[in-house]
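In: Pasting the sequence and the predicted coordinates here, then a few questions.
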There are 6 protein chains.
Amino acid sequence: MSLLQGFSHFKHFNVSSPAEFVAHVEINRPQKLNAFFEDMWIEVGKIFDQLSYDPNVRAIVLSGAGERAFTAGLDVQAASESGLTSNSAVDGARRATVQRRHILEFQEWITKIEKCEKPTIAVLHGISFGLAIDMASCCDIRICSKDTKLSVKEVDIGLAADIGTLSRLPKLVGSLSWVKELALSARIFGAEEALAFGLVSQVHENKAKSVEAAFKLASLIASKSPVAVQGTKELVNHARDNTVADSLRYTAVWNSAMLQSDDVKSALLSGLKKTKPRFEKL
Amino acid sequence: MSLLQGFSHFKHFNVSSPAEFVAHVEINRPQKLNAFFEDMWIEVGKIFDQLSYDPNVRAIVLSGAGERAFTAGLDVQAASESGLTSNSAVDGARRATVQRRHILEFQEWITKIEKCEKPTIAVLHGISFGLAIDMASCCDIRICSKDTKLSVKEVDIGLAADIGTLSRLPKLVGSLSWVKELALSARIFGAEEALAFGLVSQVHENKAKSVEAAFKLASLIASKSPVAVQGTKELVNHARDNTVADSLRYTAVWNSAMLQSDDVKSALLSGLKKTKPRFEKL
Amino acid sequence: MSLLQGFSHFKHFNVSSPAEFVAHVEINRPQKLNAFFEDMWIEVGKIFDQLSYDPNVRAIVLSGAGERAFTAGLDVQAASESGLTSNSAVDGARRATVQRRHILEFQEWITKIEKCEKPTIAVLHGISFGLAIDMASCCDIRICSKDTKLSVKEVDIGLAADIGTLSRLPKLVGSLSWVKELALSARIFGAEEALAFGLVSQVHENKAKSVEAAFKLASLIASKSPVAVQGTKELVNHARDNTVADSLRYTAVWNSAMLQSDDVKSALLSGLKKTKPRFEKL
Amino acid sequence: MSLLQGFSHFKHFNVSSPAEFVAHVEINRPQKLNAFFEDMWIEVGKIFDQLSYDPNVRAIVLSGAGERAFTAGLDVQAASESGLTSNSAVDGARRATVQRRHILEFQEWITKIEKCEKPTIAVLHGISFGLAIDMASCCDIRICSKDTKLSVKEVDIGLAADIGTLSRLPKLVGSLSWVKELALSARIFGAEEALAFGLVSQVHENKAKSVEAAFKLASLIASKSPVAVQGTKELVNHARDNTVADSLRYTAVWNSAMLQSDDVKSALLSGLKKTKPRFEKL
Amino acid sequence: MSLLQGFSHFKHFNVSSPAEFVAHVEINRPQKLNAFFEDMWIEVGKIFDQLSYDPNVRAIVLSGAGERAFTAGLDVQAASESGLTSNSAVDGARRATVQRRHILEFQEWITKIEKCEKPTIAVLHGISFGLAIDMASCCDIRICSKDTKLSVKEVDIGLAADIGTLSRLPKLVGSLSWVKELALSARIFGAEEALAFGLVSQVHENKAKSVEAAFKLASLIASKSPVAVQGTKELVNHARDNTVADSLRYTAVWNSAMLQSDDVKSALLSGLKKTKPRFEKL
Amino acid sequence: MSLLQGFSHFKHFNVSSPAEFVAHVEINRPQKLNAFFEDMWIEVGKIFDQLSYDPNVRAIVLSGAGERAFTAGLDVQAASESGLTSNSAVDGARRATVQRRHILEFQEWITKIEKCEKPTIAVLHGISFGLAIDMASCCDIRICSKDTKLSVKEVDIGLAADIGTLSRLPKLVGSLSWVKELALSARIFGAEEALAFGLVSQVHENKAKSVEAAFKLASLIASKSPVAVQGTKELVNHARDNTVADSLRYTAVWNSAMLQSDDVKSALLSGLKKTKPRFEKL
């Protein structure tokens, strides 16, 4: 698997290109169950920011190195050492200000995964706790292996999840009863349940097969018109947060520009000729 | 099956009345897999507009003629001949303006299915691509036969779906991962998957049985108070696009008028007497 | 099972404490299938209002007394005797005003279940019609027994449901087709369907086992940090009605204060020591 | 001036009826510049709640007793004695919870002025600081005397105004620059400025003339159809918080019931006959 | 003044072209103070619909024929004869349905003035009551003559204004106190007040001078790039109903297409050369 | 006037401290009428980002160097040289993508002025065109000198303003008619008109006096509790984009933390003692 140019300086992630126009971002701290500390969420934000405009990338797979975990979530020890959980401001209002700024920045880094213009596929396996759900919720598609152990873990460390899970999960799946049961109890749940309630849309035998399936799906998506694909991502995300009427209005404006591509002609032509279309970079 | 009065002049659709207070709208271009060209989406809009106020209609079934397809979607050949995909405006801004006006009008015609005051049931079978999903998403209830092949097909012709699928689908079903997988890959999926993820709420053995089930459900709905039924449709659609608080406020105003019907008394009385209530036209 | 202090004066509900920090609210009119009249919805509102601030309560279970019904819904006879369905105002506008005020008040009492700061678990069994769905939709988690018979019953008495079902149901489950099918036809559906479409997140063998499961889940939730738990409830409910961006912003402000609790330290510590943490009252 | 029946038990407010269908609510603690403590904001909420449904009242004037002040705002001394500004909860999160509940309740009492179904006119004079702006912002119309001294005073006591001023003021007047200048600096401004920037719509020579003008305007409004008047209030308030499209939709439903009054006929008839119409109670 | 091609068949309006790219729509029923009946609001909707796409029109002036009135509003006599105010449906719910459909249609016709893609300038003079405000509120710019007598007249005929005034006025001007005073009292107000509170942005000596000023302003606007002008109108209207963040997002998409015009170059070039630029039709 | 530490490396802006806790940001390209090119809007964004968290700054004044202009707006020549207005992407869709990314980034840099946590005062003088309005609209308070010449200039260069003016202006001032007149005609307007319609809240004799007034106001604001001041800014900005109900809810959560400051006590104490309070850094 070839490395992707321009991404070799990141320390905690491997960024490679397993197939044409596909990028693979791998969380690389397996000895610590891929647990996150501050440098890591800044890195992951920067990586997706950069991938967003990289013309050689049309679909992205996010997974965790090692057999044991996608990620165990926040590295609580590192967090307490760096002083994130306590702060020395003089009164409650000032402590709250420090805290609020910190949360907003943390959210902003993780949200860059969602803002990336290219479709993203999260592959969950093994332990997938806390921040695992926050990050997977920012991805467009979620796939997991049978052995995955998921948990909205935050109440177990005395706090309400604040990096995105509680904001996004209710809009991703089809049962608010289930979302609340998970988030209020922090209980561990598995792949089957994740599929039944729509959190993931595919389950595979093991991690290797899940990653393989993700690469295949990413390749399929990457073979389509990038104008069509990136527009589709943008419009579904816009729809999630807007009324149908507003979404239709935005869609019409969006496509008023996007239909001026050569991709429609290329796609139609190769459809007729049964050939594989080539699309210009975007 | 008797024709419905006042609808015989439509060329591409059969509009009949299979049961009391039930209308059946059938897309009638089976030799072309019921593929749509501009005249057809104008007609379908006009039909649902007219049904919306027709006092003899209390529930509507939409299906496609022939065994092979509900609809294969946009008739791409007709579209390219009519020049929809290219336009000769002098610069990019003016081309975009032509395009935007066209999309908005197309959306408006299809949205008339959603705006129809009466409950609508889409029966999907066979090939159900592209515009099939746009139209079915405008209906209240979706039923399909086991042989249905569905696809959010638009990325395969180089564009993001812009007639409603991307705006409505995320609010209709319970897995955004699944919605995005379908919309980004254009892969074909079947009845079982459509049921598992909530896109349809019933699957039947074949087209005939599906249409029969739809007629039965439509008849059941048509036997209820039309004041109650049309209010229910309006309030669920309002809820989809508004907060719970706004929805409750709107509901209270709506029912402040609608409880002034004789239907409550009729319904209660026939409930006690075990007779079939008769409700005035609406 | 001990009574909960301060709740003994309620006439139509038993309020007890089956476990530490858990309250059990039981609708107690089994001889009438727990059907509701005006006094009862005022009482249920007052009970949840009071539980909301009771520091001895951290999770609440709502169920119905007797084997036959969670609740059969509105006691139609009582309603017609108290004149709710008819009013003698002089013209249609004035009748509408009386009606609107009545609906808004009724909504407000039932909404107090949703506004209660503590997590709530509805246990449905037997007949669960009309108001049963309105109330269960206000709860955070829904559990039911295999024998449950559910129905959005209102169209059968000639009206659109106006106490919350139509406003909340579309946001609770993952198939709008299914929601509309139920609400437009008033057909009775069972536990399996409720689980498949996400209305409930657990189904148990019978009522006793369902209540037991609810108590167990409530106890689990009540054993967590109340700061974390109540924040989680608030943030998921906020997310349901807001965009992801607004929800993230609200979350950051919320946690800027809530992270200033001792619970994080207690939770981390007992996590390390494998002991059960104790959290201060809230 | 006759007392209004049913309001004599309120201790801190005089509620009288200066003209047919007009109520006058007077803050009655002139010896303390009408400064508010907790009992008072509970009372004012209860009064407007009761007026909202009182069929003998069609318009309401709110003013302050004595020559010196509409109200000097919160009685800071009483507040600190009652312990509002400090609370003894064990940690920052629990202190925040106590605080949040307190603010929400305080907001709720004051918001009852806005929720009152009848049009309300605030008459400001003399010192009108802090809570004066919160309450006047809940009224529909604001009138003041030339001597009025206004101030969004809260930053001077170390806090951001939280009982409604910052939420409502930006939507009431036509210059956000001015709103922020006032709210950030707490500077005192006068009647002329209040008129120029649209906070008030009338300025009169002195308090007596301002109250007189308010009574005259209230009488004029009270002489119109109460169906028309209360609908107008509701629809403008709805419009403030909604898009034009949503507001039009709500308006159509509202008037679908409200046009079924006899008032249209009465109004038209007396318009032709040049007589004063009589409208039924509402 | 030349007639505008394609508009001569309208019966109640004169549509002419007083200057290049400028259309003048004149309400032409001066003998009845330009009062409106159903045919007229359908006509005005059709006219603005047609102007919206007419490439020869870049700015539109709307005024009333005769010296006495812009329009006296709804022709109440015609309305009562056509049965609009009463309807014979069998019960209150069905009467409400007739009424709601009627209001929605009436709103839709008048809203076409707002939806017209080209900038519109209303010139008010003389009597400008009721529907005058509804229609002027749909225009982009309001100019009036000194003699204008304005009134939100609806409460005087026993109803809350439902064709747009209450929905739009609160967002057009800078004093909600003033809006409510007008709408609740129906008092007549003049040009000076309309200017002071921002309802109009210009006042001129008499009707002739006002129309002249409107033509001059329309000509100035019509001399600019139509891509820039129509985009500006669309973006301000979008901003009115959306948050700043949503508006910025929509703006970026809009201009992504619109900056691909030749107009930027033409405008810059003629700016340098001090010549009058020519822009292609749109 | 002392320089502000940590800001000396910015090339196109002078950042100094004219008074305690006050920062002065001066656009420093007077020889070119302070016209902006890309480096400059990146710098201005970075400056306000840094000021946002600088504990030594509690209020900020933004003005332009030299006597002739606040800023003449975009440096069109620089823009065309850097190729911003044209791009070489292969088709219309790809050109639109380049354009959209560029606009979003430009908006983001300018929006940092609005996002700065500290109150900002814009002082306009002389030529204040295009980007001048975009930037001033991001500030909290606007002051100008009598000689100011303002213009929403963009339509004159063939485009709709897309860096914020059209998104923010409709919410800042009290006459949509005036906003549209300005934005559609690009006409130049002066200080008096800006004050009358609420765009600015103060006008002073000349630039020097305007800057002096801004410093004085900034000092006044900086002397207040920073917890109160920054909360006030945040809450007014939140209110602008949300309903009153949502704003009240957000306010309660915000102040639940912010009332835990020592500032309330300090403020009350120095109010009693008539001394100047000292507040801790924030």
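Out: In hand now; what should we look at?
In: Output the residue of the stretch 151-282 of chain A whose distance to chain F is smallest.
Out: Among all residues of the stretch 151-282 of chain A, residue A:260 sits closest to chain F, at 2.7 Å; criterion: CB to the nearest CB. Every residue, glycine included, has its C-beta placed from N, CA and C.
In: give the contact list for that residue.
Out: B:92, B:95-96, B:99, E:257, E:260, F:91-93, F:96 (CB atoms under 8 Å, 6 or more residues apart in numbering or on different chains).
In: Could you find the closest non-adjacent residue to it?
Out: Excluding the flanking residues, the one nearest residue A:260 by CB to CB, 6 or more residues apart in numbering or on different chains is residue F:92, at 2.7 Å.
In: residues near that neighbour, how many?
Out: When neighbours are counted by other CB atoms under 10 Å in any protein chain shown, residue F:92 registers 25.
In: ok, back up a step: before we move on, what's the pLDDT of the residue of the stretch 151-282 of chain A closest to chain F?
Out: You'll see residue A:260 listed with a pLDDT of 94.
In: Please apply the same query to residue A:1.
Out: Residue A:1 is given a pLDDT of 61.
In: And residue A:141, how close does it get to residue B:149?
Out: Noted for residue A:141: a distance of 21 Å to residue B:149, by CB to CB, to the nearest Å.
In: With residue A:225 instead?
Out: 22 Å.
In: Comparing those two, which shows the higher neighbour count?
Out: residue A:225 (29 against 18).
In: which residues does the more buried one contact?
Out: A:261, A:263-264, A:266-267, A:277, A:279, B:155, B:158-159 are the contacts of residue A:225 under CB under 8 Å, 6+ apart.
In: Go again with 7 Å.
Out: A:263, A:267, A:279, B:155, B:158 (CB atoms under 7 Å, 6 or more residues apart in numbering or on different chains).
In: The fourth one and residue A:229 touch, don't they?
Out: Yes: with contact defined as CB atoms under 7 Å, residue B:155 reaches residue A:229; the gap is 5.9 Å.
In: any shared contact partners between those two?
Out: Common neighbours of residue B:155 and residue A:229 (CB under 7 Å, 6+ apart) are residue B:184.
In: so which of the contacts of residue A:225 comes closest to chain D?
Out: Using CB to the nearest CB, residue B:155 comes nearest to chain D of those, at 30.5 Å.
In: re earlier: need the contacts of residue A:225 in a markdown table (columns: pLDDT).
Out: Shown next, in a markdown table, are those (pLDDT from 0 to 100):
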| residue | pLDDT |
| --- | --- |
| A:263 | 95 |
| A:267 | 92 |
| A:279 | 96 |
| B:155 | 97 |
| B:158 | 96 |
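In: now that we have these, which one has the most neighbours?
Out: residue B:158 (30 neighbours).
In: Verify the contact between it and residue A:270 for me.
Out: No: Residue B:158 lies out of contact with residue A:270 (CB under 7 Å); the separation is 9.8 Å.
In: Helix or strand: which one has the closest residue to residue A:170 other than its chain neighbours?
Out: Spatial nearest neighbour of residue A:170, excluding adjacent residues (CB to CB, 6+ apart): residue C:239 at 4.9 Å. Element membership of residue C:239 [criterion: DSSP states H and E] is helix C:226-240.
In: what mean pLDDT does that helix have?
Out: 98.
In: Report all helices and strands that that helix contacts.
Out: helix A:165-172, helix A:176-185, helix C:244-258 (3 or more CB pairs under 7 Å, 6 or more residues apart in numbering or on different chains; DSSP states H and E).
In: hey, C-alpha coordinates of the following helix or strand past the second one in CSV?
Out: It stands for helix A:176-185. Downstream of helix A:176-185, the next assigned helix or strand under DSSP H and E is helix A:191-196. Backbone C-alpha positions of helix A:191-196 (Å, rounded to 0.1, in the frame of the first residue of the first chain) are rendered in CSV as follows:
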residue,chain,number,x,y,z
ALA,A,191,-22.3,-5.1,15.9
GLU,A,192,-25.6,-6.8,15.5
GLU,A,193,-27.4,-4.2,17.5
ALA,A,194,-25.6,-1.4,15.7
LEU,A,195,-26.8,-2.7,12.4
ALA,A,196,-30.4,-3.4,13.6
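In: Check what contacts helix A:191-196 and list those residues.
Out: Helix A:191-196 has contacts (CB under 7 Å, 6+ apart) with A:144-146, A:148, A:150, A:200, A:203.
In: and of these, the nearest to chain F?
Out: Once CB to the nearest CB is applied, the member of the contacts of helix A:191-196 that ends up nearest chain F is residue A:150, at 29.1 Å.
In: in a strand, that's where that closest one is, yeah?
Out: Yes: applying DSSP: H, G, I helix; E, B strand; the rest coil, one finds residue A:150 inside a strand.
In: Which strand residues bridge it?
Out: residue A:128, residue A:189 (DSSP bridges).
In: hmm, back to that, what touches both of residue B:158 and residue A:270?
Out: Common contact partners of residue B:158 and residue A:270 (CB under 7 Å, 6+ apart): none.
In: pLDDT score for whatever residue of the stretch 151-282 of chain A ends up closest to chain E?
Out: The nearest approach of the stretch 151-282 of chain A to chain E comes at residue A:257, 3.6 Å away (CB to the nearest CB). pLDDT for residue A:257: 96.
In: Please give me every residue in contact with it.
Out: B:96, E:256-257, F:92-93, F:96.
In: Also residue A:215?
Out: By CB under 7 Å, 6+ apart, the neighbours of residue A:215 are A:18-19, A:22, A:61.
In: again, only using 6 Å
Out: Counting by CB atoms under 6 Å, 6 or more residues apart in numbering or on different chains, residue A:215 makes contact with A:18-19.
In: likewise residue A:270?
Out: Per CB under 6 Å, 6+ apart, neighbours of residue A:270: residue A:277.
In: ok so it is a strand residue?
Out: No: with three-state DSSP as the criterion, residue A:270 is helix rather than part of a strand.
In: contact partners of stretch A:17-36?
Out: A:1-2, A:4, A:12-16, A:47, A:51, A:57-66, A:68-69, A:71-72, A:74-75, A:127, A:131, A:215, A:218-219, A:222.
In: got the CA positions of it in PDB?
Out: Coordinates of each C-alpha in stretch A:17-36 appear next as PDB, following Å, rounded to 0.1, in the frame of the first residue of the first chain:
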ATOM      1  CA  SER A  17      -3.600   5.200  -0.700                       C
ATOM      2  CA  PRO A  18      -4.900   1.600  -1.000                       C
ATOM      3  CA  ALA A  19      -6.500   2.200  -4.400                       C
ATOM      4  CA  GLU A  20      -6.900   4.900  -7.000                       C
ATOM      5  CA  PHE A  21      -8.400   8.100  -5.500                       C
ATOM      6  CA  VAL A  22      -8.900   6.400  -2.200                       C
ATOM      7  CA  ALA A  23      -7.100   7.500   1.000                       C
ATOM      8  CA  HIS A  24      -6.800   5.400   4.100                       C
ATOM      9  CA  VAL A  25      -6.300   7.200   7.500                       C
ATOM     10  CA  GLU A  26      -5.200   4.800  10.200                       C
ATOM     11  CA  ILE A  27      -5.100   5.800  13.900                       C
ATOM     12  CA  ASN A  28      -1.700   4.500  14.900                       C
ATOM     13  CA  ARG A  29      -1.300   4.100  18.600                       C
ATOM     14  CA  PRO A  30      -2.300   0.400  18.900                       C
ATOM     15  CA  GLN A  31      -0.200  -0.200  22.100                       C
ATOM     16  CA  LYS A  32      -2.500   2.200  23.900                       C
ATOM     17  CA  LEU A  33      -5.700   0.900  22.200                       C
ATOM     18  CA  ASN A  34      -5.500   4.000  19.900                       C
ATOM     19  CA  ALA A  35      -6.600   6.200  22.800                       C
ATOM     20  CA  PHE A  36      -6.500  10.000  22.000                       C
END
